[in-house]
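Asks: sequence and predicted structure below; questions after.
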Amino acid sequence: MEYTAPSGRDSRTIVVIGSSTGGPRTLEIVFAQFPLVDAAIIIVQHMPHYINSAFCRHLVDISHMEARIGEDGELIEHGTIYVAPSDVHLKLLANRTIRLFDDEKVQSVRPSIDVAMTSLERNGNDRFVGVILSGMGSDGAEGIRHIKEIGGVTLAQALRTCAIHAMPRAAFETGRVDLMLPPEGIRERIIQIAGIL
Amino acid sequence: MAEVPCRRIMVVDDDVFILEVMEELLRPEGIEVVATESGDACIAELEKGFRGVILMDIMMPKKDGWETIEEMIDRNLMEGNVVAMLTARDIPDTELEQMKEHVIDYITKPFEADEIVAIVKGYLEYLA
């Protein structure tokens, strides 16, 4: 759980947050007055497409981070939140470039948290954090297993604080979750790991 | 010109007490509350053009909350709405599994007054 600062300028700290039903309430707590941190944060929130833009704007309003809908081919930068658009999958190529693609639903959803998380690759000094918030089903459990395998930190929302605890519970049952935390704890842990810009 | 935020919600619940409480809590906040007692009444409001936040009780006679949402999807009435479910009981995981891209939240009754106002205000911002 202890980290040293990345030694190379080219390294990235990538936080992938998977969230579904009840997740926006948790995200509200996590990102309220959230500082500008030295990480790229990717949020995969299951939601209807017509609220993507407002969801992003709200993150800009409540936090000190940049936030936008991830675009195909975009290079990720620290200090920015990238929201996965509805109806397509999002993955990262070489931990740097967003790739959006239209493929079959995974775990009955698109975008899939598992798809985003399992696209991360062990690479140099890159660091990873995987977070699973409130939601139905088990999307994200394989992703958490993968992030742990490549040396990342894995967090899940404490079950008692979830509107729907199936997703964090499924992640927990993989045996690969480092910490189950309430929203405030998730916020503090991300800030601690990423560091403030 | 700045966008005008949506300030309308529809509460769908066969419990009239819940409808009254929601109106008492939300109207002073400047939020227009459309109170409906059934899934059919909800569909009728949507057909008339309602768009906003919908708080939908799950357990209702005749047409329950899930069936109402299925009808909304089938009739292309989901667009422009943010839907959260209201319920007094836990539900089997499978019931919501197919709905999770359409249902943003799941709110358990009884709820705290401050909590429900904050939740509704938050989701109204998604429709700005």
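Replies: The structure has been received and is ready for your questions. Residues are numbered from 1 along each chain as shown, chains lettered A, B, ... in the order given.
Asks: which parts of chain B sit against chain A?
Replies: Chain B comes close to chain A at residues B:78-80, B:82, B:93, B:96-98, B:100-108, B:119, B:122-123, B:125-128, as judged by Cβ under 8 Å from any Cβ of the partner chain. Heads up, the C-betas are built off the backbone N, CA and C, glycines and all.
Asks: next secondary structure after the helix or strand that contains residue B:67?
Replies: Taking DSSP states H and E as the criterion, the element that holds residue B:67 is helix B:65-74. Next in sequence after helix B:65-74, counting helices and strands by DSSP H and E, comes strand B:82-87.
Asks: just the angle for that following strand relative to helix B:65-74, thanks.
Replies: 160 degrees (axes from the mean of the first three to the mean of the last three Cα atoms, to 10 degrees).
Asks: can you show me the CA trace of strand B:82-87 as CSV?
Replies: Coordinates of each C-alpha in strand B:82-87 appear next as CSV, following Å, rounded to 0.1, in the frame of the first residue of the first chain:
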residue,chain,number,x,y,z
VAL,B,82,-33.8,10.6,-14.6
VAL,B,83,-35.4,7.7,-12.7
ALA,B,84,-34.8,6.6,-9.1
MET,B,85,-36.7,3.8,-7.5
LEU,B,86,-38.4,4.1,-4.1
THR,B,87,-39.0,1.0,-2.0
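Asks: can you give me the helices for the chain?
Replies: If you meant another chain, say so; for now it's chain A. Residue ranges of the helices in chain A, as given by DSSP state H, are A:23-31, A:52-62, A:113-118, A:141-149, A:166-172, A:183-194.
Asks: look at chain B instead
Replies: B:16-26, B:39-47, B:65-74, B:93-97, B:113-125.
Asks: out of those, which gets the lowest mean score?
Replies: Mean pLDDT across the helices of chain B is lowest at helix B:93-97; the value there is a mean of 65.
Asks: sketch out the low-pLDDT regions of chain A for me.
Replies: For chain A, the stretches with pLDDT under 70 are A:1-9.
Asks: for chain B, what are the nearby residues on it?
Replies: A:20-22, A:24-25, A:28, A:46-48, A:50-51, A:54-55, A:57-58, A:86, A:108-109, A:135-137, A:163-164, A:166.
Asks: at 7 Å what do you get?
Replies: By the rule Cβ under 7 Å from any Cβ of the partner chain, the part of chain A lying against chain B is A:20-22, A:24-25, A:28, A:46-48, A:50-51, A:54-55, A:58, A:108-109, A:135-137, A:163-164, A:166.
Asks: pull out the buried residues from these.
Replies: If you count burial by 16 or more other Cβ atoms under 10 Å in any protein chain shown, the buried members of these come out as A:20-22, A:24-25, A:28, A:46-48, A:50-51, A:54-55, A:58, A:109, A:135-137, A:163-164, A:166.
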